[in-house]
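Visitor: next one to model:
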Amino acid sequence: MVASGTLVGTQRIAVALISDQSLTREALAQLLDGDVELEMIGTAAEPLDAEPFLSDPRLRVLLVNLSLAGEAGAPAPGVALILASKARRPDVGVLSLKRGVDEALLRAALDAGADACCLVTTPFERLAQAIKAVATGATWLDPEISQVLLRPRAAFDAAHLSPRERAILRLIVDGYSNTEIAAQLGSSPATIHTHVIRLFRKLGVNDRVSAAVRALRAGIV
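Guide: Residues are numbered from 1 along each chain as shown. The predicted model follows:
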C-alpha cells in the first residue's frame with residue numbers, strides 16, 4: 001500500500017485506488033496528480049488495504065478495479081469491496097473500473113452501490129470528469145459502458161415511473177445531487193443512487209443532463 005502525505009489548506013478532491021494491476025496504479029496515480037483539482041492520497045493492491053483510506057476523513061472518491069483477482073466461484077472481490085465500502089462510508093463516492101465491458105460484472109457493481117462505471121482505457125479527461133461528478137454525489141456511466149447497460153428505447157411510457165421516481169426526477173431537473181435528494185426525501189444516498197440508476201434505464205439515458213432533457217421533452221415534470 002502506498003499513501004501520500006497529508007494535505008493542508010486545500011480543497012482538492014482526495015482519491016484512493018484499489019487495483020492489483022501495478023501499471024494501472026502507477027499510471028492513474030501520475031495522471032491524477034497532474035490535475036490541480038484531484039489528489040491521489042494512496043493506492044493499494046488488495047481489498048483489505050482499503051481500510052486505512054476508508055478511515056481517512058479526507059477521502060471523497062474510491063476507485064475500484066473490478067478485475068481484482070479472487071477464488072474461483074467466490075463473489076467478485078471488486079464488487080464485494082464496493083458493497084463493504086458503501087456500508088462503511090456511504091459519503092464516499094465509488095467509481096468502478098474495468099478493462100473491458102463485462103455486462104454482468106458492471107451491473108453487479110452498480111447493484112452493490114457503485115456511483116460510476118468507467119473503462120480503464122477511458123480518456124483521462126473524461127475519467128477526471130467522472131471522479132469530480134461522483135465527488136459531488138452525482139451518478140456517472142461512461143458512454144462506452146452505457147451503450148451496453150442502458151440500451152435506448154424507441155418509445156418511453158411515463159406511466160412506468162413510480163411516484164418516488166417522478167419525485168427524484170423532478171429534483172434532478174432542479175439540479176440536486178444524490179446526497180441533496182436524499183436529504184429532501186428523507187432517504188439514504190445509497191437508496192437514491194439505486195433509484196437514479198433505474199431511472200436512467202427507464203429513460204434510456206446515461207447521465208443526469210440527458211435525463212432532465214428527456215423528462216422536460218416528455219412533459220414528465
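
Visitor: could you point out which element follows the worst-scoring helix or strand of the chain on mean pLDDT?
Guide: None of the helices or strands of the chain scores lower by mean pLDDT, DSSP states H and E than strand 2-3, at a mean of 52. Using DSSP states H and E, the helix or strand that follows strand 2-3 in sequence is strand 13-18.

Visitor: give me the residues contacting that next one.
Guide: With contacts defined as C-beta atoms under 8 Å, 6 or more residues apart in numbering, strand 13-18 is touched by 7, 24-25, 28-29, 32, 37-47, 49-50, 53, 56, 58-65, 68, 78, 81, 131-132, 135. For the C-beta atoms, the positions are set from N, CA and C on the backbone; glycine is no exception.

Visitor: in strands, which of these appear?
Guide: Counting by DSSP state E, the part of those found in strands is 38-44, 59-65.

Visitor: show me the domain layout of the protein.
Guide: Using automatic domain parsing, the domain ranges for the chain come out as 2-149, 158-218.

Visitor: where does the first one sit relative to the chain's centre, distance-wise?
Guide: When you say that, I think you mean domain 2-149. 8 Å (C-alpha atoms, centre = their mean, to the nearest Å).

Visitor: and the longest helix anywhere in the chain, what's buried?
Guide: When the chain is parsed with DSSP state H, its longest helix is helix 189-203. Neighbour counts using 16 or more other C-beta atoms under 10 Å place 189, 192-197, 199-203 of helix 189-203 among the buried residues.

Visitor: run the chain-centre distance for stretch 211-221.
Guide: For stretch 211-221, the distance to the chain centre is 23 Å (C-alpha atoms, centre = their mean).

Visitor: now do that stretch, average pLDDT.
Guide: Across stretch 211-221, the average pLDDT comes to 74.
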